[in-house]
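Chemist: show me how the following folds:
(chains A, B and C)
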Amino acid sequence: MSDLLKPEELYKTDNRPPRTDWMDTPTEIRKGIACYAGNPKSLEYVGFPNARQWSCFDEDWQLPENWQEIIHEGFKERLEKFRSFKVFMDICVRCGACADKCHFFIGTGDPKNMPVLRAELLRSIYRNDFTKAGKILGRLGGARPMTLDVLREWWYYMFQCSECRRCSVFCPYGIDTAEITMMGRELLNLLGLNIDWVATPVANCYRTGNHLGIQPHAFKDMLEFFQEDIEEITGVLVEPQYNKVGADILFITPSGDVFADPGTYTCMGYMMLFHYLKEKYGFDVTWSTYASEGGNFGFFTSHEMMKRLNAKMYAEAKRLKVKWILGGECGHMWRVINQYMDTMNGPADFLEEPVSPITGTKFENAKSTKMVHIAEFTADLIKHGKLELDKSRNANLNVTFHDSCNPARGMGLLDEPRYVIQNVVDKFYEMPANTIREQTFCCGSGSGLNAGEDMELRMAGGLPRANAVKAVHESKGVNTLATICAIDRAALPDLMSYWVPEVEVYGVHEMVANALIMPGEKERDTDLRGEPLAGMEDADE
Amino acid sequence: MEFAALLERKKEAVVNAWFEQVMQTYAPDTAVFYQNQKDAFANPVGSTTKQALVKLFNALLDPQDNESLADLIDPLIRIRAVQNFTSSQAVGFVFLLKSIVRNLFQKNRKKLKVDELLEMESRIDGLALIGFDVFMACREKIYSLKTNTERDKIYKAFARAGLIKEVPADEPDPKFI
Amino acid sequence: MNVKYMYSLLAVIVLFLVSYVLAGTGTAFKVLFGIILPYAALLTFIIGFISRIMNWGRSAVPFRITTTCGQQKSLPWIKPNAIDNPFSKGAVVVRMFLEIVLFRSLFRNTRLKMKVGPKIYYQLEIFLWAGALAFHYAFLTVLLRHLRFFTEPVPLPVRLLETVDSFFRLEVLYDVSQFGLPGVYISGLVLLAAVIYLFLRRILIPNVKYISLAADFFPLFLIFGIAFTGILMRYVAKIDVIAAKELTMGLVTFHPTIPEGLASIFYVHVFFVSILLAYFPFSKLMHLGGIFFSPTRNMPADTRATRHINPWNYPVHVHTYEEYEDEFREKMIDAGLPVVKQPVEAPPEETEEKE
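Modeler: Numbering: from 1, shown residues only, chains lettered A, B, ... in the order given. Next up is the predicted model:
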């Protein structure tokens, strides 16, 4: 028998890279992981430099002649402008606490997806260019010069980070890889290196006010479709107001809710809630077609672009002379609003400190920014008994809640959505403790990575999240994954259909609207998705 | 003495050796993390792999129909189908079991019949083929997700431009009434 | 063989040999190792440390990017997590205090794993927190204890610390060793053990090994060298403590002298400390200062309630409502959306419909 070929000789099963140091391991840009390059027209539209047709799979990236100088100068400028960047470049001791906290590392197994190494990709250049020790010790001091290979590595791995901040929770110095990725992406943008799934939404958002380039009339069309659907399901005609000067409140939500299932059902939820409040309490809220995007892909591009896109919110609130702004369910939109908006585009002294016109609750925590999260708003309504709810209409839903990264780690909005959910559904189960709240796992598609071409990356990166969902699906029969993020609503259905196909993705306000008893409504036999309600399966036909 | 009984007795050692070798298909630093982090939620790859291998080995000892084998191998292949593997690497881990089983056989060959080894090896081959089916299904799923993304983009663009007239869902075409 | 730590190990061994041999050759080198280098190193440390801090301080803090690790303060009936999502400056102080004194985030790392089971890996992870804590506190104790070489009379707190530090070990070892050792300081031994642990961790855990740089090993070897020579002097070589203090007091009072009879090992010890001091500001050891500057930890998470000012906030190009309406006015009117400006005449030429 000994002359038999061994199976491992027949198949090259060993996928291990040669045991080289990470600095010596060249980056192979793989299909399925990398995203397509940004459309030059989109970059040009918002005035980004070095726009051109190129592909990351090509040998020649058609970089500007002096690209190294551009990176060096850009690096230097950002070190001055962002203490976070400088301090995070300096103080990491490589203790390894973050190493296994990244969903992309856990899922893909690629060592360069350990947060510490992702940061070292930039740190090695920082040491070389900006520190004495790096200049003197070179490689021994962890420094290396900026080369084309390094640039490719940056590009590959800066777009394998979803800026979710999970590593930052565990770092003894609070080093936040999201900051480092943001800086890395800013630098790449100086060379015209961006991905299309970020660049084109940014241009669209700038021009039409939303990611998809939906023009104003089409935006209204969409909402009119929803009106028809709602009327069909509930018998009530809701009438949203648009661009209304003098409304009490301006409502802004990510445009994903307006165009992409299942976000559209969440959007219908908002419309129904507003109608209910208008009928019962005279609530006066307006939508805007100009500021029709809450999400901000500028955030995934550069601080300047983030500010340029975000500016529309206050500008529109000022123009419409509203009292304050209400924001829909979204992830990074809320990090921008919570931690950046007031600083960038404030002070919002033309607005009033937000007070719920229905309950009289003062939203003290939003008194400067003057923008309230709809989960805070609705939780307050429910607490004061202002909503008539029929939980039984969600009886088919066995719910768990996915904390979106940004509201969790860039805000701390954890209990408000849970309170709302528990008041509109009966069956609610938490996923394991190390996968929720501040330790929540990213959907794997955040920060502009929810393209189609990087599906393998998204599925691998979303594995830790899907795995936790699967656990409650198997142990508690969970069939509904509730979220408060538009990217989640766009990305998680794909993730679920690959890993746990029996689970559907819902927005929180879709469930609220299912349960909400509208004045003058007919007896409902389906939910917003047209699925029969519990006990109504035979009502049709 | 029967080979199957021997394998049954040595089950834990065999599965551990198999797991060990499957982990060696990852980068060393990654492999250690996958092997040692026992929290299933902090380490879905390692824990899923381990569980699947245990179940698969049991199924090899106690032959099952292809469908249940496919169910058992699915979680593991599903992960490997989105990781940095070629098709043969993604599925080939099944064959790693062969040399483990063979070694065990060699050590006790005096007491055993070759037929039994061949039988076991055939089952392993069969499992690999099922693994390949599952792998293809996973890849097809990935591609369908990719095409859906593209299709949705185009479809939505057409729809927004008002170029699509959908067939009304609730009423049949008049000419068929 | 791992080149990264070999270079660092080699460097420390060479430094040891050079200083050991040279310190034995004559007064000139004793002056170098005992007076010139310590002063130079201290100066480098002070200037370097301050300039690094000032350098960080010079960089702006444009945004308040607190990492929130718990429930925010929002509605009055929802219980906020005051420490992990600090709303006030006071809460930030508590958060920073726990971070700096107890390495809270690092501990968060281990807590969940402890629950799972008593497996070795989890214990190793706990050891990262425990080892780091042991290392830093032992280092601090050793440092404070050494104040007795730099003060006359020795202040009470330092003497108390010495007593506490040597208390347990004294009794335990007395019976066993019968050597009449001077009180054994537990801190020195803990420091040595912790350094060895931190080193082993870097070479035994593959992913930590993978991310380690030569610069991560050098300070470990150096500190090992310091602790080792210190322990050697105290328990084995038994150097002349009075002479040592004469030298150190000379340094403090700016009347440096080289007393007779100090063994070479003492100069090696002082040399290593000098290198550590001089190396400090240029290395990752600056995390000592850096942790106070970490923007994700040292600011309150109250950005929606209190406006944060960005010192370099500059005006940017914005697509204004007017531009937007100019582009889409016709369509808005057709769709029944309100517009600010009515079209003057017959619709102007069709706005190009891109893409």
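
Chemist: what about C:N85, helix or strand, and which?
Modeler: Per DSSP states H and E: C:N85 is located in neither a helix nor a strand.

Chemist: output the below-cut-off pLDDT ranges for the chain.
Modeler: I went with chain A, as the question did not name one. A:1-19, A:538-541 (pLDDT under 70).

Chemist: switch to chain C, please.
Modeler: C:1-2, C:110-125, C:167-183, C:345-355.

Chemist: domain ranges for it?
Modeler: If you go by automatic domain parsing, the domain ranges for chain C are C:3-293, C:319-355.

Chemist: in the last one, which residues are buried?
Modeler: Neighbour-count burial for domain C:319-355, counted by 16 or more other CB atoms under 10 Å in any protein chain shown, picks out C:H319, C:Y321, C:Y324, C:E325, C:E327, C:F328, C:R329, C:K331, C:M332, C:I333, C:A335, C:L337. For glycine as for every other residue, the C-beta is placed from the backbone atoms N, C-alpha and C.

Chemist: now the domains of chain C in JSON lines, with distance to chain B?
Modeler: Shown next, in JSON lines, are the domains of chain C (distance: least, CB to the nearest CB, whole Å):
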{"stretch": "domain C:3-293", "distance to chain B": "4"}
{"stretch": "domain C:319-355", "distance to chain B": "8"}
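
Chemist: including distance to B:P28, could these go into TSV?
Modeler: Formatted as TSV, those follow (distance: least, CB to CB, whole Å):
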stretch	distance to B:P28
domain C:3-293	5
domain C:319-355	48
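
Chemist: and of the ones you listed, who's closest to A:K476?
Modeler: Nearest of these to A:K476, taken as CB to CB: domain C:3-293 at 19.9 Å.

Chemist: what helices and strands are in contact with the lengthiest helix in chain C?
Modeler: Ranked by residue count and defined by DSSP state H, the top helix of chain C is helix C:120-145. On a contact count with 3 or more CB pairs under 8 Å, 6 or more residues apart in numbering or on different chains; DSSP states H and E, helix C:120-145 meets helix C:104-116, helix C:156-177, helix C:186-204, helix C:214-231.

Chemist: kindly report the residues of the stretch 1-150 of chain C close to chain A.
Modeler: When proximity is defined as CB under 8 Å from any CB of the partner chain, the stretch 1-150 of chain C approaches chain A at C:4, C:7, C:52, C:55-56, C:58-75, C:77-81, C:84-85, C:87, C:99, C:103, C:105-106, C:108-109, C:112, C:128, C:132.

Chemist: of those, buried ones?
Modeler: C:4, C:7, C:52, C:56, C:59-75, C:78, C:80-81, C:84-85, C:87, C:99, C:103, C:105-106, C:108-109, C:112, C:128, C:132.

Chemist: let's see which of those residues end up in helices.
Modeler: Going by DSSP H, the helices hold C:K4, C:Y7, C:R52, C:W56, C:E99, C:S105, C:L106, C:R108, C:N109, C:L112, C:L128, C:A132 from these.

Chemist: can you pick out the most distant pair from these?
Modeler: C:Y7 and C:L112 (36.8 Å).

Chemist: name the element the residue in the stretch 151-300 of chain C that chain A sits nearest to belongs to?
Modeler: Residue nearest to chain A within the stretch 151-300 of chain C (CB to the nearest CB): C:G290, separated by 3.3 Å. Here C:G290 sits within helix C:287-290, counting by DSSP H and E.

Chemist: so what's the residue in the stretch 301-450 of chain A positioned nearest to chain B closest to, chain neighbours aside?
Modeler: Nearest residue of the stretch 301-450 of chain A to chain B: A:P432, at 4.7 Å (CB to the nearest CB). Take A:P432 and drop its neighbours on the chain: the residue closest to it by CB to CB, 6 or more residues apart in numbering or on different chains is B:F41, 4.7 Å away.

Chemist: out of the helices and strands packed on helix C:120-145, which comes closest to C:T27?
Modeler: helix C:214-231 (20.7 Å).

Chemist: circling back: give me the helices and strands touching the helix holding C:G290, please.
Modeler: Using 3+ CB pairs under 8 Å, 6+ apart: helix C:287-290 touches helix A:83-90, helix C:37-58.

Chemist: identify each buried residue in the last one, please.
Modeler: By neighbour count, and taking 16+ other CB under 10 Å as the criterion, the buried residues in helix C:37-58 are C:L37, C:P38, C:A41, C:T44, C:F45, C:G48, C:F49, C:R52, C:I53, C:W56.

Chemist: check stretch A:460-469 too.
Modeler: Applying 16+ other CB under 10 Å to stretch A:460-469 flags A:A460, A:G461, A:G462, A:L463, A:P464, A:R465, A:A466, A:N467, A:A468, A:V469 as buried.

Chemist: and stretch B:116-123, by the same measure?
Modeler: B:E116, B:L117, B:M120, B:E121, B:R123.

Chemist: this completes my enquiry, with thanks.
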